[in-house]
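# turn this into a structure:
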Amino acid sequence: MQKLVASLSKYGAFFPFLYALAAGLYPIVYYYSKNFTLVATWRHLGYFALIYIGIPFLCLLIAQQLIKKGVFGKYGKYVLPFINLSFFFVLILLTMKGILLKKLSVGLICLAALMVFFLYKHFKKWVLLQLLLAGVSLVWLVPQLVNYASISEDWKKQPDAIASTVLKSKPNIYFIQPDGYVNFSELRQGAYGIDPSTFQNYLTAQNFVHYPNTHSNYPSTLTSNSATFMMKHHYYEGKEYFKEMPRTREVIVSDNTVLEVLKNNGYQTNLLIELPYFMLSRPQMGYDFCNFSYTEVSPIGTGLGKPRDVLPVLQDLLNKESQRPQFYFIEVFAPGHIRGAKSLSKGKEKEKEIWLEDLDAANERLTGLIDAINSKDPNALIIMLADHGGFVGLDYTAQYQTKTQERDIIYSMFSANLSIKWPQEAPTELAPYFKSNVNVFRVLFSHLANDPVLLENLQPDTSYVPMREQPGVDENGIYEYIDDSGGIVFKKVRGF
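Numbers count the residues shown, from 1 in each chain. Model (predicted):
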């Protein structure tokens with residue numbers, strides 16, 4: 001560090017570097033403390049260092065040279081402070097919104113100009129305050145670093161040798177996941193109370209078998225899918241300390257037991273997603289093909305937005321001949337769930353109305369995908385399984401962490417639609433095993449391998465929520481909401 005300071009001083013760059021550091025360090029640390037699981041890579045660190053410190057430093061360094069040449073005249077003394085404050089405000093905006101909002105950015109730059117003009121004499125104090133803010137934020141970030149380093153991976157270990165299972169039947173497998181699509185049996189009752197016969201009858205006509213009353217094991221896409229693809233319960237092993245469970249994207253996209261079984265049996269794997277949500281933390285791509293590349297994924301943001309139509313991509317793939325059996329994971333981000341935050345909610349009745357409109361859109365997209373598959377691959381195994389429920393009946397999704405024992409609300413969170421089109425006659429003896437997401441692939445592999453022994457290690461068909469500082473909850477921790485028989489309970493299984 002002393003050599004760096006000496007070098008910067010030698011070239012007259014120490015103060016530009018200090019101002020750049022002050023402008024960018026707090027936004028960096030703030031973003032990391034709020035979204036650590038998304039940016040825990042060296043690539044992200046390099047991005048933030050370049051955008052948040054490197055670019056401001058370059059601008060400040062150039063400005064310093066122009067000041068020395070008298071380009072700005074009597075206003076030269078204001079230039080470096082102005083650049084510092086402008087970057088500070090705009091980078092905070094970028095950090096909070098994930099994108100640059102032009103009009104708001106211009107307004108913040110104008111605010112920076114006014115502040116510098118009237119408070120120029122106190123600018124050194126402002127730089128000190130910026131650095132102090134970064135220091136305080138580090139206090140919140142350090143515990144996350146410690147917790148992240150101590151995360152256990154033991155939950156991924158299988159109780160048997162299912163990863164080396166030899167499949168005797170190898171149909172092309174299409175795993176279609178409509179986000180938040182509640183089971184048909186639940187749509188007819190509870191918080192929903194609608195008749196889904198039109199789409200259900202369409203599926204029946206396409207030889208799908210519907211499995212009623214199935215539910216997810218966790219209430220979010222990442223926590224549910226990580227258990228589904230690993231075929232194991234994690235019980236939030238990554239600790240609820242984080243905004244989201246760590247390393248779930250790595251489990252879903254990079255390496256999981258389902259992919260291991262398929263690859264060991266010669267399958268080519270394809271990931272078709274409408275949005276790059278699974279790719280935000282830049283996990284190593286474990287699929288042979290994905291319709292998104294990492295050059296299309298912003299290092300900062302939510303990974304949400306306008307969905308990309310995956311039907312043309314699927315049709316192109318279906319038209320290609322391959323000697324290998326194919327596996328497709330197709331994520332459809334509809335109907336989804338009601339709005340996540342209280343500040344965004346339009347109230348439970350309006351949220352239900354919007355969700356039902358999204359349900360119609362989901363049915364249309366699903367129909368297009370299924371028709372395309374059936375036209376080119378009539379002997380395929382097609383699994384339509386949702387990741388969780390739609391949360392209709394609540395005002396906003398985050399209410400799932402408020403204790404309730406109301407059956408309809410709990411099932412609105414967890415109910416998951418499961419319908420399967422079998423290549424041949426449906427194995428009716430397997431129906432009792434299809435209760436929750438965590439066991440779906442183990443049951444499928446048992447059938448395809450003709451190995452009933454795999455069914456001896458099914459996971460409990462239970463569902464869980466994290467509870468922190470909620471009324472009626474004595475201790476923070478992970479609580480069981482749905483027991484192995486589908487009943488409503490409230491039982492602590494793990495603390496944090």
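# report the secondary structure state of Y479.
Here Y479 is strand, with the state taken from DSSP: H, G, I helix; E, B strand; the rest coil.
# that one touches Q470, doesn't it?
No - counting by Cβ atoms under 8 Å, Y479 does not reach Q470; the two are 9.5 Å apart. Every residue, glycine included, has its C-beta placed from N, CA and C.
# which one's more surrounded, the two?
Using other Cβ atoms under 10 Å, the more surrounded residue of Y479 and Q470 is Y479, with 21 against 15.
# residues contacting the more buried one?
Shown in contact with Y479 (Cβ atoms under 8 Å, 6 or more residues apart in numbering): Y464, V465, P466, M467, V473, F490, K491, K492, V493.
# tell me the confidence at the residue nearest to L385 when sequence neighbours are not counted?
Nearest non-adjacent residue to L385, counting by Cβ to Cβ, 6 or more residues apart in numbering: L418, 5.1 Å away. L418 carries a pLDDT score of 98 in this model.
# next one: the one 5 residues further on
The pLDDT attached to P423 in the predicted structure is 94.
# how close does it get to S185?
Note on P423: its distance to S185, by Cβ to Cβ, to the nearest Å, is 25 Å.
# what helices or strands is the helix or strand that contains E353 leaning on?
Take DSSP states H and E as the rule and E353 turns out to sit in helix 348-376. For helix 348-376, the elements it packs on are strand 173-178, helix 197-205, helix 311-318, strand 326-332, strand 381-385, judged by 3 or more Cβ pairs under 8 Å, 6 or more residues apart in numbering; DSSP states H and E.
# now with 7 Å?
Under the contact criterion of 3 or more Cβ pairs under 7 Å, 6 or more residues apart in numbering; DSSP states H and E, helix 348-376 touches strand 173-178, helix 311-318, strand 326-332.
# redo those as TSV? Include mean pLDDT and distance to L108.
Shown next, in TSV, are the helices and strands packed on helix 348-376 (pLDDT from 0 to 100; distance: least, Cβ to Cβ, whole Å):
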stretch	mean pLDDT	distance to L108
strand 173-178	98	40
helix 311-318	97	40
strand 326-332	98	36
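# in a markdown table, list these along with distance to P378 and mean neighbour count.
Listed next are these as a markdown table, based on distance: least, Cβ to Cβ, whole Å; neighbours: other Cβ atoms under 10 Å:
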| stretch | distance to P378 | mean neighbour count |
| --- | --- | --- |
| strand 173-178 | 12 | 23 |
| helix 311-318 | 11 | 16 |
| strand 326-332 | 14 | 24 |
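# against D461, how distant is A416?
12 Å.
# ok so, going back, next, count neighbours for the residue nearest to L385.
L418, neighbours per other Cβ under 10 Å, totals 25.
# same deal with the one 10 residues further on?
Counted with other Cβ under 10 Å, the burial measure for T428 works out to 8 neighbours.
# how far away is it from Y294?
44 Å.
# re earlier: relative to strand 326-332, how tilted is the helix holding E353?
160 degrees (axes from the mean of the first three to the mean of the last three Cα atoms, to 10 degrees).
# how about F184, what does it touch?
P196, Q200, H210, P212, N417 (Cβ atoms under 7 Å, 6 or more residues apart in numbering).
# run the last query once more with 8 Å
Going by Cβ under 8 Å, 6+ apart, F184 touches P196, Q200, H210, P212, N417, S419.
# for Q326, same thing?
Going by Cβ under 8 Å, 6+ apart, Q326 touches N172, I173, Y267, Q268, N270, L317.
# any idea how far Y19 is from the second one?
So the one you mean is I173. Noted for I173: a distance of 56 Å to Y19, by Cβ to Cβ.
# where does the chain dip in pLDDT?
Residues of the chain meeting the criterion pLDDT under 70: 1-13, 99, 238-243.
# for S375, see how far away R282 is.
Distance, R282 to S375, by Cβ to Cβ: 36 Å.
# higher neighbour count, the two?
More crowded of R282 and S375, by other Cβ under 10 Å: R282, with 20 against 10.
# hmm, back to that, got the angle between the helix holding E353 and strand 381-385?
170 degrees.
# buried stuff in helix 348-376?
348, 351-352, 355, 358-359, 362-363, 365-366, 369-370, 372-373 (16 or more other Cβ atoms under 10 Å).
# just those residues now: which is nearest V332?
R365 (5.6 Å; Cβ to Cβ).
# pretty sure the closest one sits against G336.
No - with contact defined as Cβ under 8 Å, R365 does not reach G336; the gap is 12.0 Å.
# re earlier: let's have the contacts of Q326 in CSV, adding distance to F117.
Formatted as CSV, the contacts of Q326 follow (distance: Cβ to Cβ, whole Å):
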residue, distance to F117
N172, 67
I173, 65
Y267, 65
Q268, 63
N270, 58
L317, 60
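# so who does E186 touch?
Neighbour list for E186: Y192, N213, G389, Y411, S412, S415 [criterion: Cβ under 8 Å, 6+ apart].
# and the host helix or strand of S446, how far out from the chain's middle?
Assigned by DSSP H and E, S446 belongs to helix 440-449. Offset of helix 440-449 from its chain centre (Cα atoms, centre = their mean, to the nearest Å): 26 Å.
# what's it packed up against?
helix 221-230, helix 257-264, strand 381-385.
# most tightly surrounded among the ones you listed?
With neighbours taken as mean count of other Cβ atoms under 10 Å, those reach their highest mean count in helix 221-230, at a mean of 24.
# and it, what other elements does it pack with?
Secondary-structure packing of helix 221-230 (3+ Cβ pairs under 8 Å, 6+ apart): helix 248-249, helix 257-264, helix 440-449.
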